[in-house]
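> Need coordinates for the following:
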Amino acid sequence: MSRTGPPLRKTPPAGADAARPSADVAFAQSTLGQALIEVLAHGSPSRQSIADFLLRHQLRATALGIEELAGQCRVSTATVSRFARELGFKNYAAMRAAVAQALQSALQPVEKLRSSIARRAGAAAPAMESLEYAAASIGATGQALSPSGFEQVVRRLGGARTVYVMGFGLSSHLASLLASHLETFCPHVVDVAGQGGTEVAAGRLTHITARDVLVAISLPRYALDAVRLVHFARDRGASVVALTDSPASPLAGLGDLVLYAHSSHPVLPSSSTAALAVIEALVVALMVSNKNNVDKAARLTEAVAAYLYGAEPAPGKPARKSRQSIRAG
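A predicted model of the protein is given here:
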C-alpha cells in the first residue's frame, strides 16, 4: 500500500469541500506553527516544552509576558528569549505578536465558550457546563474535518487485509467501540489492546504488514506505549490512521492520515465526546461507501432482530420463550 499525502496531517487539505479549520489546526498551518512542530519533534526538552505550550494555548500565549510563559513551561526567561531568537524573531515580544497575527483569522469555538463561561462567573452548574463544552467540542471538530478526509480514511480501511485498532487507557474504550463497528464491514479487525494491555497489544501487532492499517487513538493524557507501537507498525510498512486531539499530539506527525477531535474540558484531563462523534461519522462514511456495505448492515440487522426487545419473530419461526416460561415448561 503506497503512502499518499495525509488529508488532515498538520495541514488540513485546501479545497471547496474543506471546512474552516479550528484555531489550533489553523495555527499549525502557519509558518510559525510548522516551525514549532519541527521543534516539538527534534528540539531539546526545554524547547519542546515551549513549543508544546504555544501549539496548544495560542490564545493564552498572546496575553502572557515572558516571565509568565517561562513559569507555565517551567523554564527560565533566558531560555524563552533564546527560543524566540532561534525561530528568527528579534525578541519574545516579536514572537508573541507573530502568534497573535497567525490567530486573528481563526477563533476556536471552545475558547469562545471558555471566555463566555468565565464572564458568567460560575453561574452555570458544573454538569451543564460540561455539556456545553461537549457540544462546543463537537462543533469545533466538525469545522476542522472535511468529507474528503473521511473518504481517504475509508479507502484505506476498505483496501486493508487487516485493520488493527489501538488505544490505551480511556482511549481503549473508544478503540473497542470502533473495532466492534468495523467488524461488520472489514474482512479482519483486531482490537490490539482489548483487555490485555501493552504486552498483549505488542503480540497482536507482530504480524502487521504493509497490507494492513493501524488506527491509533490517543487523547490527553497520551500513552507512551501507543507512540512506540505506532513506530513499530510504521517500520513494518503498515499504513497508520491517527485519531487525536491536536497537531501537538505525539501521534500527529506519525499518521499517514490524521483525524482531529477536540478534547478540551474544564475539569476532566480530556473529553472523549468529540472523538466518539468522529468514530461514528467514520463508520457512517464506511457504511455508505458502497452497496456491499449497505447489504452487510441489512444482514446484520436481520441477524440480531430476533434478539431485540419487542421484535416480531420472522415468518415461520416460533417466538423465543422467556426464561420464566422455559422454567415453567
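
> what domains does the record give for the protein?
Listed domain ranges for the chain are 23-103, 145-292 (source: automatic domain parsing).

> Highest mean neighbour count out of those domains?
Highest mean neighbour count among the domains of the chain (mean count of other CB atoms under 10 Å): domain 145-292, with a mean of 20. The way it works is simple: take the backbone N, C-alpha and C, and place the C-beta from them, glycine included.

> and the longest helix along the chain, what does it pack onto?
Longest helix in the chain, counting residues (DSSP state H): helix 126-144. Applying 3 or more CB pairs under 8 Å, 6 or more residues apart in numbering; DSSP states H and E, we find helix 126-144 packed against helix 109-119, helix 273-287.

> which stretches of the chain form strands?
Using DSSP state E, the strands of the chain run over 163-167, 189-191, 213-217, 239-244, 257-260.

> what angle separates the first one from helix 273-287?
Okay, so that is strand 163-167. Angle of strand 163-167 versus helix 273-287, following axes from the mean of the first three to the mean of the last three CA atoms, to 10 degrees, is 170 degrees.

> Only the C-alpha atoms, please, for strand 163-167, written as PDB.
Extracted C-alpha coordinates of strand 163-167, given in PDB (Å, rounded to 0.1, in the frame of the first residue of the first chain):
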ATOM      1  CA  VAL A 163      -7.500  -3.400  10.300                       C
ATOM      2  CA  TYR A 164      -5.800  -3.100  13.700                       C
ATOM      3  CA  VAL A 165      -7.400  -0.700  16.200                       C
ATOM      4  CA  MET A 166      -5.400   0.500  19.200                       C
ATOM      5  CA  GLY A 167      -6.000   2.700  22.200                       C
END
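
> pLDDT averaged over that strand, what's the number?
In this model, strand 163-167 has a mean pLDDT of 96.

> which helices and strands sit right next to that strand?
Where contact means 3+ CB pairs under 8 Å, 6+ apart, strand 163-167 is packed against helix 171-182, strand 189-191, strand 213-217, helix 224-235.

> Let's have these in TSV, adding mean pLDDT and distance to Asn292.
Shown next, in TSV, are the helices and strands packed on strand 163-167 (pLDDT from 0 to 100; distance: least, CB to CB, whole Å):
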stretch	mean pLDDT	distance to Asn292
helix 171-182	93	14
strand 189-191	95	16
strand 213-217	97	18
helix 224-235	93	27
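
> which regions of the stretch 1-150 of the chain lie under the pLDDT threshold?
For the stretch 1-150 of the chain, the stretches with pLDDT under 70 are 1-24, 26, 104-124.

> Mind pulling up the pLDDT for Pro250?
pLDDT recorded at Pro250 is 86.

> Could you check how far it is from Ala93?
Using CB to CB, to the nearest Å, one gets 30 Å for the distance from Pro250 to Ala93.

> Look up phi and psi at the nearest residue to Arg85 once chain neighbours are set aside.
Distances taken as CB to CB, 6 or more residues apart in numbering put Asn91 closest to Arg85, at 7.3 Å, once the chain neighbours are dropped. As for Asn91, its main-chain torsions (degrees, to the nearest 10) stand at phi -160, psi -180.

> Same check on Ser271?
phi -110, psi 140.

> Can you give me the pLDDT of it?
So Ser271 comes in at 90 (pLDDT).

> residues contacting it?
133-134, 137, 262-265 (CB atoms under 8 Å, 6 or more residues apart in numbering).

> One more: Ala160?
1, 186, 211-213, 239.

> switch to 6 Å and redo it
Residues near Ala160 by CB atoms under 6 Å, 6 or more residues apart in numbering: 212-213.

> Quick check, pLDDT for it.
95.

> repeat for Val294
Val294 is given a pLDDT of 65.

> related to what we said a few turns ago, Ser46: which of the helices and strands packed on strand 163-167 is closest?
helix 224-235 (19.7 Å; CB to CB).

> what angle do that closest one and strand 239-244 make?
When the same axes, to 10 degrees is applied, the directions of helix 224-235 and strand 239-244 differ by 150 degrees.

> what's the spacing between the closest residue to Ser172 other than its chain neighbours and Val165?
Leaving aside its chain neighbours, Ser172 sits nearest to Ala193 (5.0 Å; criterion: CB to CB, 6+ apart). Distance check for Ala193 against Val165: by CB to CB, it reads 9 Å.

> Please tell me I have it right and Arg236 contacts Ile208.
Yes - if you go by CB atoms under 6 Å, Arg236 and Ile208 touch, sitting 5.2 Å apart.

> what residues are up against the residue positioned nearest the centre of the chain?
The residue lying closest to the centre of the chain (CA atoms, centre = their mean) is Thr244, at 2.4 Å. Going by CB under 6 Å, 6+ apart, Thr244 touches 218, 251.
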